[in-house]
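Student: Sequence below, structure please.
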Amino acid sequence: MPELPEVEVTRRSFSDAIAGAAVQGVALGKPLRWALGCEPQALVGRRVAGVRRRGKYLLVELDQGLLLMHLGMSGSLRFAAGLPEPGRHDHFDLVTDRGTLRLHDPRRFGAVVWVPDLQDARARKLLGGLGMEPLDEAAFDFAAFHAGLRASRAPVKQLLLAGRLVVGVGNIYASEVLFLAGIRPTTPAASIGPVRARRLHAAIRQVLARAVQQGGSTLRDFSSADGSAGHFQTEARVYGREGQPCHGCGAPVQMLRQGQRSTFFCPRCQRP
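Tutor: Numbering: from 1, shown residues only. Got it, this is the predicted structure:
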């Protein structure tokens, strides 16, 4: 599943190129999770003002309203001039005078929703429950983060994955973050004191920023809107390395299941 780094890499790969473009047409494929929310023809003539991100949603701002785009489990965006005719897994084309923005999504868990503004009920439903933005230094407040840890009885990895406290720490990145912070994934969030919470807060920012720098993680088929693959997975310290020696102490990396997700950790370097 594309996580925050992959979505941010995708945004950066086409946001400058599409800014100012005029919409010339919209083509829909098979239905996605939610309806578009307007007649496709109503978008023709609109101009793209810019592209922002909130959590794993891309906000394509138009001169009237905005499109909320989510890549779902297996989706990706491509932006280019002269794309071939849509295939069976291409479900949304935004045709502009600078190229076509296309959503490719084999599993159809993605979404493209038009809303007039962020106060719309659909926008509030999709974005209202999202946690703090970890790549925004001002928004990722340590005091609020530590208070959120102290208020939760869940294992810390499960709390990070939930996205209500902080967005974007997906499965790969949660394992890497907790290794860097030296915290066992099963540790109750409420038991993490201020010193370790500070290390965890810093590790989230460090790992996600590095992942964006490396173009995200391409485990199966992720690529950015310009077709580039990610490389963060090649430098993972624990994720996907069960049985291999820890880079820190040499002990075998272990794997366990949490909420049907694979969790990787070092039993020596990461304390409960």
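Student: Got the confidence number for the closest residue to Gly99 other than its chain neighbours?
Tutor: What sits nearest to Gly99 in space, not counting adjacent residues and going by CB to CB, 6 or more residues apart in numbering, is Ala81, at 4.3 Å. In short, each C-beta sits where N, CA and C put it, glycine included. On the pLDDT scale, Ala81 is placed at 95.
Student: Tell me how many other residues surround Ala81.
Tutor: For Ala81, the neighbour count with other CB atoms under 10 Å is 10.
Student: Kindly report the same for Gly110.
Tutor: 24.
Student: Please apply the same query to Arg237.
Tutor: Neighbour tally, Arg237, other CB under 10 Å: 17.
Student: So what does it have for phi and psi?
Tutor: Per-residue torsions, Arg237: phi -90, psi -30 (degrees, to the nearest 10).
Student: In contact with it: list those residues for me.
Tutor: Glu176, Phe179, Leu180, Cys246, His247, Gly248 (CB atoms under 8 Å, 6 or more residues apart in numbering).
Student: Nearest residue to the second one in space, please, no chain neighbours.
Tutor: Just to be clear, that refers to Phe179. Leaving aside its sequence neighbours, Phe179 sits nearest to Val238 (CB to CB, 6+ apart; 4.7 Å).
Student: Test my guess that that neighbour contacts Phe265.
Tutor: Yes - the criterion here is CB atoms under 8 Å, and Val238 meets it with Phe265 at 5.9 Å.
Student: any residues in contact with both of these two?
Tutor: Joint contacts of Val238 and Phe265 (CB under 8 Å, 6+ apart) are Ser175, Phe179, Val253.
Student: Please report how far the last one lies from Arg241.
Tutor: The one in question is Val253. Relative to Arg241, Val253 is positioned 5 Å away (CB to CB, to the nearest Å).
Student: Quick check: neighbours shared by those two?
Tutor: Counting by CB under 8 Å, 6+ apart, the shared contacts of Val253 and Arg241 are Phe264.
Student: who's more crowded, those two?
Tutor: For Val253 versus Arg241, neighbours defined as other CB under 10 Å are more numerous around Val253 (22 against 18).
Student: Just the pLDDT at that one, thanks.
Tutor: Looking at Val253, its pLDDT is 98.
Student: swap in the one 4 residues further on?
Tutor: Looking at Arg257, its pLDDT stands at 95.
Student: Could I get the full set of helices for the stretch 101-250 of the chain?
Tutor: 121-127, 142-150, 156-162, 171-181, 194-213 (DSSP state H, counting those that start in this stretch).
Student: Glu133 is nearest to which of the ones you listed?
Tutor: Nearest to Glu133 among the helices of the stretch 101-250 of the chain is helix 194-213; the distance by CB to CB comes to 10.0 Å.
Student: which helices and strands does the closest one pack with?
Tutor: Applying 3 or more CB pairs under 8 Å, 6 or more residues apart in numbering; DSSP states H and E, we find helix 194-213 packed against helix 4-18, helix 142-150, helix 171-181.
Student: Distance from the chain centre to stretch 112-119, please.
Tutor: 19 Å (CA atoms, centre = their mean, to the nearest Å).
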